[in-house]
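**Student:** only the shape, not the letters, is given here:
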């Protein structure tokens, strides 16, 4: 063990570490087996597709004897507002070099991905509130991590979206769940 000093010190005696999982069954199983909270990076497709990774995670944690340590969050692209953000989303995900990594998302695929039951959290405050509550009911999430700043969104759009999240969405989710959980970040 190293004697190196770490500053600033964590407030908690044990540093809270979350395992980031992109949907791989092996990664979900490992997080559960180790009793780590899991944040599922989920950027597209039906929310129901996340169920498999969540079930694997919970089963592994229970089998390893620490179901009480299991916490679940999802992290996804987020924008709350009336603006058309498709051009920014397209730019964010498109391949930047010939043959490079990335996705070309059509406007129709983008529109479909933002509908209820889909993972992308882009829409009005009311729509996003419902989608977060759906994830809470369907997956049992304890936390929601919003990826606010993507694709070169103008600062004012990001700030407006953060404001809507803090003043409209997070309070509505907390009120509907009857507790501070799921935490929304």
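**Tutor:** Received, thanks. Since we're looking at a predicted model, the values are computed, not measured. Numbers count the residues shown, from 1 in each chain.
**Student:** what about residue 72, neighbour count?
**Tutor:** Around residue 72 there are 25 other residues, counting by other Cβ atoms under 10 Å. For every residue, glycine as well, the C-beta is placed using N, CA and C.
**Student:** how about it, what does it touch?
**Tutor:** Counting by Cβ atoms under 8 Å, 6 or more residues apart in numbering, residue 72 makes contact with 37, 38, 39, 40, 54, 57, 139, 140, 141, 142, 143.
**Student:** quick check, nearest of the residues you listed to residue 109?
**Tutor:** residue 40 (21.0 Å; Cβ to Cβ).
**Student:** how long is stretch 35-46 end to end?
**Tutor:** 26 Å (Cα to Cα, to the nearest Å).
**Student:** any idea how far residue 137 lies from residue 35?
**Tutor:** 24 Å (Cβ to Cβ, to the nearest Å).
**Student:** residue 127 too?
**Tutor:** The separation that residue 127 has from residue 35, given Cβ to Cβ, amounts to 35 Å.
**Student:** next: residue 103.
**Tutor:** 34 Å.
**Student:** kindly report the same for residue 93.
**Tutor:** Between residue 93 and residue 35 the computed distance is 34 Å (Cβ to Cβ).
**Student:** same thing with residue 107?
**Tutor:** 43 Å.
**Student:** ok, now residue 61?
**Tutor:** 6 Å.
**Student:** pull the contacting residues for residue 164.
**Tutor:** Per Cβ under 8 Å, 6+ apart, neighbours of residue 164: 80, 81, 125.
**Student:** and residue 119, by the same measure?
**Tutor:** 42, 43, 44, 45, 46, 47, 50, 74, 76, 113.
**Student:** just the pLDDT at residue 112, thanks.
**Tutor:** Predicted confidence (pLDDT) at residue 112: the value is 96.
**Student:** that one: what secondary structure?
**Tutor:** State at residue 112, reduced to three classes by DSSP: H, G, I helix; E, B strand; the rest coil: helix.
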